[in-house]
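1. No sequence on hand, only this structure:
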């Protein structure tokens, strides 16, 4: 059984959801996302037994393009991140009423298909196609099912689309250029390609445009907060939980090994940019009045740190980055879901309208508290493992980086706890707050369980990803 | 060769059907006839032949492009039934003119002699002049017909002048002789003047900057179905012919000529896209977008040995997306006197399928993956880079970025603005054409080798 089964399940799932009609759509989507999760666990099992589940077939002869999917620890980890989050994200939306749910859930599954494809593809051209393909569903999800004023939303979403599309076209240009030299888009061939330092610089920059916009790093982040706020929560979860990680994963998989010398040369500048993003995101988050926007800026700060970890080019940096990608994926989905749970009851995202919720639902308050603490990387949560490893790697590079990057934990604690205080504590709110229902509870508990379990026992994930990271580092050195 | 005869005969049959009062049968018979001709043409694939003292030469290039033209014509004829509902007495004229147009197109790609080439281009152009002005009570249509006729005949005149100069230099209209002359060192100077004049004329027909001024006005004024014909069939034909002409008379292209092509290409892409940003009329917008696509297509000339497949792929992708887009435009603007973007407001709610088709067609034109337009751009840029024109690739990439904006303007209007009117029923033919065209577009996106390996 090769890895195409996951992709096929998600694609068929998208079609089946579309044709199942509005009444059944959400359940069909959930079924297929769980099936995809099962399939990816099976792939993981095969991988642990040493069976190679990669897939490769000729797609086009001229130009020479293969439909090839490569399975290694890193790809499996990212695939599992997607397929684990998908059922949770779909389940989290059960309390919402969407127009045309069949279109909505079909797009969600299609997006999962594209994102898993991006993580698996080992042919540059195929990778690019999946990368772009994931943009179409999120464009429609944010545009059609988003919230707030239509004119504003249209502006924000089109800006997002054009930004990311423009960035990825630079990447396409780099791929075409390399194809002219090498005659293949295969990952290993591109790794082996000899480039002059000038070529490497431009290829590195072209990739950087695509990834810096997607991650996003400052100064390319301006699309982010508005889109997060305007998109429906499911869209925000997809964007922040998984899609951002496409950019970070691609840095590790494509950019660094293909242009290692340029990476070494520009390393300090980019780490500087990333850390500037950490501080900037944290400070702006302090000022936010809208809960979703606050979480968006906190996300900007966290991914900045992950990016800094990637560009240290050390085993610890890359490993910490991957761990933190997974941890951040879960925690941010959980936090956005908590914001959605509040919105369902209070119909507001303004922090000033909330407060005093803990008195009414201590259960929800404790769950929210755990997520907040995980987000600020409290020891015992999975985020601590990731963030600490990244900071350690920054320390080995330069003390200043570690100190400045470390402010994320301090500032993060500041704005997250302040937010918690304003949202959950205080005098009992006059408006009633219904307790979390079953589906909401399941999603929250699974996320919290995951974060705590791997926070205490991160070994399986570390063992899964380390060999492939070391292999990538061989190409960088 | 048989293709050409059969198409012309079918056109005459259409005219005769009117006499025998078989008006209702015209569209179905034409479609069936064209499908049969398509089958016949496809079976000729892989053979080569030359007919009538080398007047017509058939090879894979010819067969592939002829098949594309026939497919596009089948779509256009299918749409005619509904489009000309109110002028049902003239249906035989309209259909037969379209068939003669197709005959012109086929002879344009299968010429072996410049006389035949000129004959083809005139048959095609005259048919288009008539069609552009065919809505004779509408002032705009009259204006479009007149404008197109004046400018088009001027371009034909320049082409003819160029042919005369080439004849003066070579002493023959035969393409083989011209090919030899173009490769010999003793060719007189006016041969190249002739080549340049033909180039100017062809660039006019393809509507590239700086010979593009007619396109927006004519596209806007002409009836929608004629605009669809011009922007798909006519443009694709002219491009294929131009490519073929260059292969045979400009084989060892001079650097200066390449430079001209590069400048024309960059200018077309840039001007087309920037002008399209500001349009509120969708036909004008697609006219400018067509100009920018022409800029992409002429890139194929820079790599004459390898680019035939890419050019064919591009024309197929562009033609199919154009047909699908225009089908939706005809549906959305039916019964209105304009094609303003407001007509598309709320189409996503009024007719989800049609909105989806237009979205897909515009995605394809914008070059977003899995739709064939993306692969088309990729293949052609790849060939251009192979020829060493990095700057052109960069210009192409930047233009793809600009283009996204105006295509998405239409898409977001369909999905986010409130509908101003009630939903209309979608005619059955429109459904079929739109779905089949877009289905083919995606199919060749999934299996690009099917077309790329033909040459």
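-> Yes, it's here. Computed from a predicted structure; not experimentally measured.

2. which ones are touching the closest residue to chain A within the stretch 251-400 of chain B?
-> Here the residue of the stretch 251-400 of chain B nearest chain A is residue B:369; by Cβ to the nearest Cβ that distance is 4.2 Å. Placement of C-beta: from N, CA and C, glycine included. For residue B:369, the contact set (Cβ atoms under 8 Å, 6 or more residues apart in numbering or on different chains) comprises A:128, A:129, A:132, A:133, B:445.

3. excluding its backbone neighbours, what's nearest the last one?
-> Across the structure, with Cβ to Cβ, 6 or more residues apart in numbering or on different chains as the measure, the residue nearest residue B:445 apart from its sequence neighbours is residue B:372 (4.0 Å).

4. neighbours around the one you found, how many?
-> 27 (other Cβ atoms under 10 Å in any protein chain shown).

5. quick one: secondary structure of the residue of chain B most remote from its centre?
-> Distance from the centre of chain B peaks at residue B:186, with 36.7 Å (Cα atoms, centre = their mean). Here residue B:186 is coil, with the state taken from DSSP: H, G, I helix; E, B strand; the rest coil.

6. Per-residue confidence at it, what does it come out as?
-> We have a pLDDT of 80 for residue B:186.

7. pLDDT on the host helix or strand of residue A:46, on average?
-> For residue A:46, the element it lies in under DSSP states H and E is helix A:25-48. Helix A:25-48 comes out with an average pLDDT of 92.

8. Same question for stretch B:155-167.
-> 94.

9. And the contacts of that stretch?
-> B:114, B:117-118, B:121-122, B:125, B:173, B:178, B:190-191, B:193-202, B:204-205, B:211, B:249.

10. tell me what the helix holding residue A:46 is packed against?
-> helix A:4-19, helix A:73-92, helix A:101-120 (3 or more Cβ pairs under 8 Å, 6 or more residues apart in numbering or on different chains; DSSP states H and E).

11. What sits closest to whichever residue of the stretch 201-350 of chain A sits closest to chain B if chain neighbours are left out?
-> Of the stretch 201-350 of chain A, the residue with the smallest distance to chain B, taken as Cβ to the nearest Cβ, is residue A:206 at 9.8 Å. Among residues not flanking residue A:206 along the chain, residue A:174 sits closest, at 3.7 Å (Cβ to Cβ, 6+ apart).

12. what's around that neighbour, how many residues?
-> Using other Cβ under 10 Å: residue A:174 sits among 26 other residues.

13. ok, now which ones touch it?
-> A:202, A:203, A:206, A:207.

14. SS state for the last one?
-> I take that to be residue A:207. helix.

15. residues touching it, list them.
-> Residue A:207 neighbours (Cβ under 8 Å, 6+ apart): A:170, A:171, A:174, A:250, A:251, A:254, A:255, A:258, A:259.

16. how about the residue farthest from the centre of chain B, phi and psi?
-> Main-chain torsions, residue B:186, degrees, to the nearest 10: phi -100, psi 10.

17. measure it to residue A:322 for me?
-> Taking Cβ to Cβ, to the nearest Å as the measure, residue B:186 falls 69 Å from residue A:322.

18. sorry, back to before: weed out the non-buried ones from the contacts of residue B:369.
-> A:128, A:129, A:132, A:133, B:445 (16 or more other Cβ atoms under 10 Å in any protein chain shown).

19. Give me the helices and strands touching the helix or strand harbouring the first one, please.
-> Taking DSSP H and E as the definition, residue A:128 sits inside helix A:124-133. Where contact means 3+ Cβ pairs under 8 Å, 6+ apart, helix A:124-133 is packed against strand A:65-69, helix A:101-120, helix A:150-182, helix A:244-250, helix B:372-386.

20. With mean pLDDT and distance to residue A:284 as extra columns, can I get these in a markdown table?
-> As requested, these are exported to a markdown table (pLDDT from 0 to 100; distance: least, Cβ to Cβ, whole Å):
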| stretch | mean pLDDT | distance to residue A:284 |
| --- | --- | --- |
| strand A:65-69 | 91 | 39 |
| helix A:101-120 | 93 | 27 |
| helix A:150-182 | 89 | 17 |
| helix A:244-250 | 92 | 17 |
| helix B:372-386 | 91 | 36 |
